[in-house]
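Colleague: heads up, no residue letters with this:
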């Protein structure tokens, strides 16, 4: 069975560099680097989809975050107008970076119909320059928000695995939650977004 492997390297400087190594056809998921003295060690996380029937009536917690451009974005500003995809990602997460170009394609295909992606970086405050570099390199144009203390991530996904996405209807209804990224997820997301926009 094919599984993603999380390889954590602790260089002599004491900083943590996390990278996900994936076998062909599977990008998997990464665990966010633990923080604090009592934080658990990193773990792998397989791709998982929450049953929409269990989360269909759940309303997403509102939040406000700064963007790479220095603006402020509040989730509730989009509700009632747009279908929203929250994409939690990090520069140290290889599956996250693999997913980004596919997310950009879906965004470009549906943005004029009322679809927005909020790419929420869970990198630390000392990684803003790296986040900006990766976004430019990948050609991402949807808004990138900075969740530098992972407060929003913790409210949506206490396991803090990445990538982690939440698809939200215009009404605020949570339609789907997904953990990880595998080949073909871009096509599946495109169909899910089209269906949500048609509601």
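Modeller: Everything's here; your move. Only a predicted model underlies this, so the values are computations on that prediction, with no experimental measurement involved.
Colleague: the helices in this structure, which residues?
Modeller: Along the chain, counting by DSSP state H, helices occupy 52-55, 94-110, 128-138, 151-156, 185-198.
Colleague: Tell me which of those sits most buried.
Modeller: The highest mean neighbour count among the helices of the chain, using mean count of other CB atoms under 10 Å, belongs to helix 94-110: a mean of 20. C-beta here means a position set from N, CA and C on the backbone, and glycine is covered the same way.
Colleague: Packing partners of it?
Modeller: If contacts are counted by 3 or more CB pairs under 8 Å, 6 or more residues apart in numbering; DSSP states H and E, helix 94-110 sits against strand 17-21, strand 26-28, strand 30-31, strand 83-89, strand 115-121, helix 128-138, strand 181-182, helix 185-198.
Colleague: Rebuild these as JSON lines, extending it with mean pLDDT and distance to residue 60.
Modeller: Shown next, in JSON lines, are those (pLDDT from 0 to 100; distance: least, CB to CB, whole Å):
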{"stretch": "strand 17-21", "mean pLDDT": "41", "distance to residue 60": "26"}
{"stretch": "strand 26-28", "mean pLDDT": "55", "distance to residue 60": "25"}
{"stretch": "strand 30-31", "mean pLDDT": "70", "distance to residue 60": "22"}
{"stretch": "strand 83-89", "mean pLDDT": "97", "distance to residue 60": "8"}
{"stretch": "strand 115-121", "mean pLDDT": "98", "distance to residue 60": "11"}
{"stretch": "helix 128-138", "mean pLDDT": "96", "distance to residue 60": "23"}
{"stretch": "strand 181-182", "mean pLDDT": "87", "distance to residue 60": "21"}
{"stretch": "helix 185-198", "mean pLDDT": "91", "distance to residue 60": "14"}
